[in-house]
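*Asks:* Can you look at this prediction? I've put the sequence above it.
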Amino acid sequence: TAVRDLLKTPGARIRLVTATTASDPLSAAVEAPITELLEQLNDLEGIDPLATHIHLSQADLFNSIAAEARPAVDIDLQMLDWGRSSEPHKMYYGRVSAAEIAKWFETHGVDLFAENIRVVIPRSDINEGIAQTIQDEPEAFVYYNNGITMLAHNVEIGPAGTLNREVGYFKLSGASVVNGAQTVSTLGSILGTDHEPHLGSAFVLVRCIEVPADDDELGRRITRYANTQNEVSSQDFTFLDQEQHRLVRELKVLGLEYILRSAEVPKSKDPTKVIDVRQAAIALACASPNMGHAVVAKREVSRLFSDSSVYKALFNDQTDPLRLSRAVAITRTVDSLLDEVERKADGVEAGIAVHGRRVIAHLVMRRLGDAFLRDPQSDLADTLNQLGAEVSDYVQALVDVFPANAYPGNVFKNQTRVAELVRDAGLA
């Protein structure tokens, strides 16, 4: 009945969807009756086509199931002293009331930051400075604050705003704050406090850039370059890497939640079902055939993201989600086992348990091999249960050849010394 009613609805359209687990397009023999049906349905002169057809291959079908729709955020805003630029991309800029911006956050929450490289960082010095300025000098806020950059799929201006540049009324469809998340969220947090009245005296410089939904690359470039004015870690920029978003989708199919942005709160309450990009980078560095990557993970984790050669070795189109998830599980187990060693031991043994854990995780995973990490049939649970003895053996072997008067914290940050130590212990 519902279908019949829908077919009677003026303006209704039909989309035929075929899906297969093959990667090839439909054969001519299969497509022929579909084409014939479309010709029959669309055989009305002077009428727009009633029916269309779309075919989903295995990859298309997977992505349609795994991908999460971006939250739809539409914003109406009033902009004072506004200006515009039309070429090469439409952009509007001007002053917006802090009270109005606070209401955005109250209405939409973190959905406002769907395209931002990071979400709200709680209790940062920046947030406290923003709140303090609203409290003490709201009229000066527009001079002290860096402002907000927003992207929108479509930006429209109301007719009343075209008469002069004093006040403009805008509608942003598919809006996202790509720079200024801390400003927006902090202003929102002031609602309901004693300082809420001060919001009416404060303004923020806002620029709104129209980026069509199909121009992902432009949106990524604007987001990257808009986030160079404040302290943003190289890790945050992984949010702009499409390979990372592929891993989000594929890990979701494995029942795991993959977190890309700083301070993002996972939906899952089970920590074993959550992996953040920092944990992933460390685990992949430990699983790498190049032991130098494990040393970098010990010495300077940020280099796993800032050094493009290292980052691309860990995260690329060949990065396997199962291998990644298993590397994380093994790294976590090794860490847990070495925490226990540290509690019971002292001296060099305790030092190796603390500082040598990335190298030990590397030794474990190279012994297991990539074939094990990639094979869904291999028994990971049984392997994790039996790691205790192996980890203890590695610790003891390293203790036996550890150089006298050397500090483990320094040794395990030096690739040459680590290679010598592993070789002397007979573990190479």
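*Replies:* Noted; the coordinates are in hand. Numbers count the residues shown, from 1 in each chain.
*Asks:* Quote the end-to-end distance of stretch 93-103.
*Replies:* Distance between the two ends of stretch 93-103: 19 Å, counting by CA to CA, to the nearest Å.
*Asks:* Might you calculate how far that stretch sits from the centre of the chain?
*Replies:* Centre-to-centre, stretch 93-103 and its host chain are 27 Å apart (CA atoms, centre = their mean, to the nearest Å).
*Asks:* Over to stretch 22-41?
*Replies:* For stretch 22-41 - counting by CA atoms, centre = their mean - the centre lies 38 Å from the chain centre.
*Asks:* And stretch 259-268, by the same measure?
*Replies:* That offset, for stretch 259-268, works out to 8 Å (CA atoms, centre = their mean).
*Asks:* got it, and stretch 339-355?
*Replies:* With CA atoms, centre = their mean, you get 35 Å for stretch 339-355.
*Asks:* From residue 267, how far out is residue 273?
*Replies:* For residue 273, the distance to residue 267 equals 10 Å [CB to CB, to the nearest Å]. Backbone N, C-alpha and C define where each C-beta goes, glycine included.
*Asks:* cool, and residue 422?
*Replies:* 40 Å.
*Asks:* quick one, which of the two is more surrounded?
*Replies:* residue 422 (21 against 9; other CB atoms under 10 Å).
*Asks:* Need the three-state assignment for that one.
*Replies:* With DSSP: H, G, I helix; E, B strand; the rest coil as the basis, residue 422 sits in helix.
*Asks:* picking that back up, shared neighbours of residue 273 and residue 267, anything?
*Replies:* Residues touching both residue 273 and residue 267 (CB atoms under 8 Å, 6 or more residues apart in numbering): residue 257.
*Asks:* who touches the nearest residue to residue 79 once chain neighbours are set aside in this structure?
*Replies:* Closest residue in space to residue 79, ignoring its immediate chain neighbours: residue 94 at 3.9 Å, by CB to CB, 6 or more residues apart in numbering. By CB under 8 Å, 6+ apart, the contact set of residue 94 is 79, 80, 81, 82, 83, 168, 205, 206.
*Asks:* What values do phi and psi take at residue 94?
*Replies:* Backbone torsions for residue 94, taken as degrees, to the nearest 10, come to phi 170, psi -170.
*Asks:* My guess is residue 328 contacts residue 283. True?
*Replies:* Yes: counting by CB atoms under 8 Å, residue 283 is a contact partner of residue 328 at 4.3 Å.
*Asks:* Looking at these two, which is more packed in?
*Replies:* Just comparing residue 328 and residue 283: by other CB under 10 Å the higher neighbour count belongs to residue 283, 27 against 24.
*Asks:* Please, which helix or strand holds that one?
*Replies:* helix 277-287 (DSSP states H and E).
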